[in-house]
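Participant: attaching a predicted model along with its sequence, questions to come.
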Amino acid sequence: MKSGFVAILGRPNAGKSTLLNALTGEKVAIVTPKPQTTRNRIAGVVEVPARKRVHPAAQIVFVDTPGVHKPASQLDRRMLQEVHEALETRDLVLVLIDASRRVQLEAAGEPGGIPGAEVNLVGAPGPGSPRTGLGLKGGVLDSETCEDTSQSPHPARKPSSWASEEEFLFGLIRGLDCPVFLVLTKIDLVAKDLLLPLIETLTKEFNFAEVIPVSARKRDGLDLLLRKIVNVLPTGERYYPKDQYTDQPMRFMVAELIRERILVETGEEVPYAAAVVIEQYEEAEPPAPPRKKGQAPARLPLTRIAAAIYCEREGQKAILIGKGGAKLKEIGTGARKQIESLLGTRVYLELHVIVEPGWRESRAFIDSLDWRNQLEKIAGKQGNEP
């Protein structure tokens, strides 16, 4: 069989996590319209069955990375480090470009736009609609949600231009000694006659081994993408058991689901200043056996979870808690439903908010958020117990 690591790179909102979830068939990574949702390397494992006269069986380990952007804080630098570490152990790199945003560059006045391109997205509101974002100078539209996401997570800092950020992305892959595929995402939102000139423009930037347009939402192009990946992977053994679809421990996935609800439920700068740490995770006991043959257990087992939500300022804490605790309750309720679906148990979830001033500039605090470091700390405590 074949096996290998495939690093997924792209600018924020390129659809990396959506693609990873579509390929694995599981919710491996959280997905929101807000940029910089992904902060860590996340592995998604895909088993590809053999196809006679086409390719052998394969295990592909996709490594999703934070969106590539120029770092402006210690947290940004840590996220970029996650990208570099993913590139150190890889057999193939996928560079994801949001096709729908590239089509809008000319309307936004950015260099690199497609000459004569229609700026209306397929299935999106027409000109003049407040949802398109095209009536705003330099507005950026999230092509999955039709929401304006041009606001920088650091309001005082002027956002870099698209061309500058894209050049930064291409700079990371120049000099790599492995195949690099260009994957155009969200093609269901772009007229087909615009894809060819877009491909011609991008292939002038780098000599890609393959160019594959896909729509993760409609699953267009995913089978072709998997086939092309298997063709270039080396022969090898499985890195993970056949039924394992990610390397993440459950407690980290739980923390991410809580953070996903924060991203969805709050606006302004709060999502970018929020971090989640699981303080207590008591796994559910297996349900008692049924009294009679064929009788189902009366209730699902219960998992108890306590988590701290960190923010940087008292004003952010007030927003997270809300009037009378209403916002924190909304976050908890939404997260609990997702966690129950993930774990297959009932969940008792307790949340509280802690102010940690300037944590995004604290290297020690950011290191403590890494789930690998958290597991080492937990293992150390267990080893010291009598």
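Facilitator: Received the coordinates, thanks. Residues are numbered from 1 along each chain as shown.

Participant: what's the burial count for V63?
Facilitator: Neighbour count for V63, taken as other Cβ atoms under 10 Å: 24. C-betas here are computed from N, CA, C, even on glycine.

Participant: so what does the helix or strand harbouring it touch, helix or strand wise?
Facilitator: Per DSSP states H and E, V63 falls inside strand 58-64. Contact partners of strand 58-64 among helices and strands, from 3 or more Cβ pairs under 8 Å, 6 or more residues apart in numbering; DSSP states H and E: strand 2-10, helix 16-24, strand 42-48, helix 222-232.

Participant: save the ones you listed as a markdown table, and put in distance to D76 and mean pLDDT too.
Facilitator: Compiled in a markdown table, the helices and strands packed on strand 58-64 are given as follows (distance: least, Cβ to Cβ, whole Å; pLDDT from 0 to 100):
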| stretch | distance to D76 | mean pLDDT |
| --- | --- | --- |
| strand 2-10 | 16 | 96 |
| helix 16-24 | 17 | 95 |
| strand 42-48 | 18 | 95 |
| helix 222-232 | 29 | 96 |
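
Participant: wait, which of those is closest to E356?
Facilitator: strand 42-48 (23.9 Å; Cβ to Cβ).

Participant: what comes up buried for that closest one?
Facilitator: If you call a residue buried by 16 or more other Cβ atoms under 10 Å, then strand 42-48 has these buried ones: I42, A43, G44, V45, V46, E47, V48.

Participant: from those residues, pick the one nearest L189.
Facilitator: Nearest to L189 among the buried residues of strand 42-48, with distances taken as Cβ to Cβ, is G44, at 23.5 Å.

Participant: and the gap between the closest one and L96?
Facilitator: Going from G44 to L96 by Cβ to Cβ, to the nearest Å gives 14 Å.

Participant: can you list the helices and strands packed on strand 58-64 in a markdown table and add distance to P271?
Facilitator: Listed next are those as a markdown table, based on distance: least, Cβ to Cβ, whole Å:
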| stretch | distance to P271 |
| --- | --- |
| strand 2-10 | 19 |
| helix 16-24 | 15 |
| strand 42-48 | 18 |
| helix 222-232 | 29 |
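
Participant: how does this protein divide into domains?
Facilitator: Following automatic domain parsing, one finds the domains of the chain at 2-232, 250-384.

Participant: phi first, then psi, for A29.
Facilitator: Note on A29: backbone dihedrals following degrees, to the nearest 10 are phi -130, psi 140.

Participant: tally of neighbours for the closest residue to M253 other than its chain neighbours?
Facilitator: Nearest residue to M253 in three dimensions, chain neighbours excluded: L342, at 6.3 Å (Cβ to Cβ, 6 or more residues apart in numbering). Neighbours of L342 under the rule other Cβ under 10 Å: 15.

Participant: now do the one 5 residues further on
Facilitator: Counted with other Cβ under 10 Å, the burial measure for V347 works out to 21 neighbours.

Participant: in three-state terms, label it for me.
Facilitator: State at V347, reduced to three classes by DSSP: H, G, I helix; E, B strand; the rest coil: strand.

Participant: helices and strands around the host helix or strand of the residue nearest to M253, which ones?
Facilitator: In this assignment (DSSP H and E), L342 forms part of helix 326-343. Under the contact criterion of 3+ Cβ pairs under 8 Å, 6+ apart, helix 326-343 touches helix 250-265, strand 302-311, helix 314-321, strand 346-355.

Participant: re earlier: V83 is nearest to which of the helices and strands packed on strand 58-64?
Facilitator: Taking Cβ to Cβ, strand 2-10 is the member of these nearest to V83, at 6.7 Å.

Participant: give me the angle between the closest one and helix 222-232.
Facilitator: Computed by axes from the mean of the first three to the mean of the last three Cα atoms, to 10 degrees, the angle separating strand 2-10 from helix 222-232 equals 120 degrees.

Participant: what is strand 2-10 packed up against?
Facilitator: When contacts are defined as 3+ Cβ pairs under 8 Å, 6+ apart, strand 2-10 sits against helix 16-24, strand 58-64, helix 74-88, strand 92-98, helix 162-173.

Participant: between these, which gets nearest to R336?
Facilitator: helix 16-24 (20.5 Å).

Participant: give me the buried positions along the closest one.
Facilitator: Buried, per 16+ other Cβ under 10 Å, within helix 16-24: K16, S17, T18, L19, L20, N21, A22, L23, T24.

Participant: ranges for the strands of the stretch 101-250 of the chain?
Facilitator: Here the stretch 101-250 of the chain has its strands, by DSSP state E, counting those that start in this stretch, at 141-142, 147-148, 180-185, 210-213.
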